[in-house]
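Peer 1: Next input, structure requested:
(chains A and B)
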Amino acid sequence: MISWFSHKKHPDFWKQYLKKFKKKLPKKIETTKFVVFDTETTGLDISKDRILSIGAVTVLNNTIDIAESFEIYVNQEEFTSKSVEIHGILKEGNLQKITEAEAIEKFIHFIGNSVLIAHHAAFDVEIINAALKRLNLPKLKNKYLDTGILYKKLEGKKDNHFNLDVLCNEFNIPKHDRHTAAGDAFITAQLFFKIIAKLKTERTVYYSDLFRVSDKKGLI
Amino acid sequence: MKNTIAERILDFLKDYPPFNLISKTTLLEVAKNVEILYFEKDQIVFNQNDIPHEHFYIIYEGAVRLYRFGEGKKHIVDICDEGDLFGLRPLIMKENYLMGAAANEEAILYGIPISLFNEIILNYPKVSQFLIASFATNTRDPFTDKHKGKLFANISAIQKVENSYSETQSAKYNKNPITCSPETTVQEAAKIMTEKLINSIVIAENKIPIGIITDKDVRIKIGTGQFKITDKVRDIMTSPVITFPENITVAEAQITLLKHKVSHLCITKDGTNKSELVGILAEHDLVLTQGNSPIMLTKEIKNAKDVETLKYIRTKASDLTKGYLEQEIPIYFVTKVISEINTAITKKAIQLSINEIGEKPPVSYAWLALGSQGRKEQLLMTDQDNALVFENVEEDQYELVKTYFLTLAEKVTEKLNIVGFDYCPAGIMASNTKWCLSLREWKNQFKEWVKDPIAEKILLSIIFFDFELIYGNQELYSNMADAVFRYIQKNKIFLSFLGKVTLDNPPPLGFFKQFLVEQDGENKDSFDIKSRALRPLVDAARIFSLFHNLKINNTIARYEKLMEVEPQNKDLFESCANAFKILLQFRTLQGLTYNDSGKFVDIRTLSKADRLKLKSCFKPIKNVQEALKLRFNTSQITQI
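Peer 2: Sure thing, here's the model as predicted:
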């Protein structure tokens, strides 16, 4: 009941977001809309650090539509110069920036009920959830996939833990715009294509397989 | 708003035609609306007869094959790779796809919306020109007259439009030649020359040049007292004169001077020595045009006293090659000039060696160049391949004679090695006791090769069939050459064996990644342009020439002659000659850039235009190999 009351207080964009999940989602990789995204943050501490930028691309039927891509930069009071050398986003840079509230609203609108994909997705999802919490909103409802975990489904890779750079090298993806949210999202999308294709050469890949974290069943 | 991904896409597109012709702002608009499509191997992009998509495609990564069904069979039309456009024509023509397209390997395509592109075609004339040119070549068939001359149309279309180079530099010469009659006295002629500040005078009758006198003649023939100054010029003139028509290029002038070993050319109306004199071209005129002229170099070679000088001169010849290629002087001329220089160096090396031994050769002999030097195609400093033939001698003299020539050859090859021609790793050199033989022994050797072809022996012997006289006795050489042709005429099956060996070197079927790139070793990811592209053309030309008894070694000259001998295959041979020229130029530039033999090309360093250029050469290779297969019935040779 409490949740029903709090539900009432939610802003319109969140209500619309929730409504989208009432529709039954397709159960096929080809017809599923994926949003591949990445965040640049002030650091790796979910509770303390803040989002500086979100980048995302839409993937449907093995196609990325560039017109349907997302790239925003966020104004943050919390700012540590430590991470600047990684992402290159300055506090007072030339980039057009918006508030965190605006950024989250735009992002929620963009992702809708799609399945989210990110490399080491748990972090990116949690940092978005933390921002939602600051806006008194619940957590993301989307299903999500981790390209790091997907990679481990490949034969002989299950014990490995690799960062994006290593995987770029392995799959021959140019590492342009690394450490920009949009650039990394774009790279992750290509990585997603290539991992799925590789998986398909090893075995039949079902939609439900993608979400299974421990994957022993498929391998033995 | 910042759009990192669109900028990245723009960054890719801007390197490829026709996108390189579009302004950055417009291209960014295009990039923002691109679709990126991923295809697994063998996945279909579109089927033949499908209605056109809203996008056409450029390959970002991987490869796509285009195919067409006809008469119930599937034909592969082309295999496209990185940077290639496809699926555009139906969108413009508003017709269904004429061909199907499928991923030949894992591929990432950029889909460009046609709605945006239509406007670009209207606003950028260069883009539409490019598209017209590429449509024309996509439907090309080198064996129909319809598309004649368009075989390489895509190349000129892709080259930077503003870079309009002049074909070849035309040579400057004196258009007011001073002449005198044959009855003039030497003294009068010398006075005219002194007065007009010229170093030569043409002797003419009714404006037809019949002879020439130069400063040198005055020095050698008068100064020494051999002739008197009251003698007539007709007595001391050099006659006939070497002539050339009016439109002479620097390269042509250099070659003609070099070939006839003269210092002046008479330019006449129709280029013969029976027509009106219109100018005089002196060696000096060319030296002014180019400091590093081949004439200067051959002169320096002649005067060289040691091998270090030769080495220095050969380095200068490399610079010369580079300059020629940059000036787009036809490769045929460049090879001729450089071959002359290489020949001169070899000659000098032989003379120096004989001096060192301090004893003249006991019998007559001929120094032969084999392989690329024998074909006069050696532009870079590659391995030396040579051999020596000496006159038949009595048995009791044989050892002595052979020892002399082996010693000589040892010294010569050593010198050539210092100059920069590496020793032949297979030991095919005159210093090898196997390849320093008497005429009789050589004849037997060739007879054995021709009569009894064994695979490994054929491979070894191939380069011997391109032998060319460099220095020594012409008669020995001709005698040997005649014998070789006789043997082949008697044993034509030999040509089938040669053909078979050639075909074992598969043609590069139009596509980089899978067929062409070396699979392993140090040269992984690079394309062996020598073995995969040049050699098949060289081999085919050789076989057809041997078949027709043509005593020509140079590959381009061979194809040109074959065009005459087999007019029905004119187009085929012409396309081979063109492909060979392009490939040889390519290899040479590569070699000069990386200071190596140019054998391997790193395909990642190639521009799109260069890739297309290379690719356009593969079709003639395939076609000529097909022709070999049919002509020499190589399939009858099952096991070799």
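Peer 1: Which element is encountered next along the chain beyond the helix or strand bottoming out on mean pLDDT in chain B?
Peer 2: Ranked by mean pLDDT, DSSP states H and E, the helix or strand of chain B with the weakest confidence is helix B:153-158, at a mean of 33. Where DSSP states H and E defines the elements, the next helix or strand beyond helix B:153-158 is strand B:179-180.
Peer 1: Quick one: mean pLDDT over that following strand.
Peer 2: Averaging pLDDT along strand B:179-180 yields 92.
Peer 1: How about stretch B:260-267?
Peer 2: Per-residue scores along stretch B:260-267 average to 86.
Peer 1: biggest strand in chain A by residues?
Peer 2: Taking DSSP state E as the criterion, chain A has its longest strand at strand A:63-74.
Peer 1: immediately after it, which helix or strand?
Peer 2: Using DSSP H and E, the helix or strand that follows strand A:63-74 in sequence is helix A:84-87.
Peer 1: Outside of that next one itself, list whatever touches it.
Peer 2: Contact with helix A:84-87 is made by A:Glu40, A:Leu52, A:Ser53, A:Leu90, A:His179, A:Thr180, A:Ala181, as judged by Cβ atoms under 8 Å, 6 or more residues apart in numbering or on different chains. The way it works is simple: take the backbone N, C-alpha and C, and place the C-beta from them, glycine included.
Peer 1: returning to that earlier point: what helices and strands are in contact with the longest strand of chain A?
Peer 2: Counting contacts by 3 or more Cβ pairs under 8 Å, 6 or more residues apart in numbering or on different chains; DSSP states H and E, strand A:63-74 packs against strand A:51-60, strand A:97-98, helix A:100-111, helix A:181-202, helix B:4-13, helix B:24-32, strand B:35-39.
Peer 1: now the angle from that strand to strand A:51-60?
Peer 2: 170 degrees (axes from the mean of the first three to the mean of the last three Cα atoms, to 10 degrees).
Peer 1: picking that back up, tell me the most buried of the helices and strands packed on strand A:63-74?
Peer 2: strand A:51-60 (a mean of 25; mean count of other Cβ atoms under 10 Å in any protein chain shown).
Peer 1: Who are the packing partners of it?
Peer 2: Partner elements for strand A:51-60 (3+ Cβ pairs under 8 Å, 6+ apart): strand A:33-41, strand A:63-74, helix A:100-111, helix A:121-134, helix A:181-202, helix B:4-13.
Peer 1: can you give me the angle the shortest one makes with strand A:51-60?
Peer 2: Angle between the axes of strand A:33-41 and strand A:51-60 is 160 degrees (criterion: the same axes, to 10 degrees).
Peer 1: Can you list the strands that strand A:33-41 pairs with?
Peer 2: Partner strands and pairing direction for strand A:33-41 (DSSP bridges) are strand A:51-60 (antiparallel), strand A:115-118 (parallel).
Peer 1: any chance of those strands in a markdown table, plus mean pLDDT and distance to B:Ile112?
Peer 2: Output for those, formatted as a markdown table (pLDDT from 0 to 100; distance: least, Cβ to Cβ, whole Å):
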| stretch | mean pLDDT | distance to B:Ile112 |
| --- | --- | --- |
| strand A:51-60 | 94 | 17 |
| strand A:115-118 | 96 | 25 |
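Peer 1: Leaving out sequence neighbours, find the closest residue to residue 121.
Peer 2: Using chain A here. Using Cβ to Cβ, 6 or more residues apart in numbering or on different chains and skipping the chain neighbours, the partner closest in space to A:Ala121 is A:Asp146 (4.0 Å).
Peer 1: not what I meant, chain B
Peer 2: Closest to B:Ile121 by Cβ to Cβ, 6+ apart is B:Ser128, at 5.0 Å.
Peer 1: mind checking which of the helices and strands packed on strand A:63-74 is nearest B:Tyr173?
Peer 2: Minimum separation from B:Tyr173 across the helices and strands packed on strand A:63-74 (Cβ to Cβ) falls at helix B:24-32, 47.9 Å.
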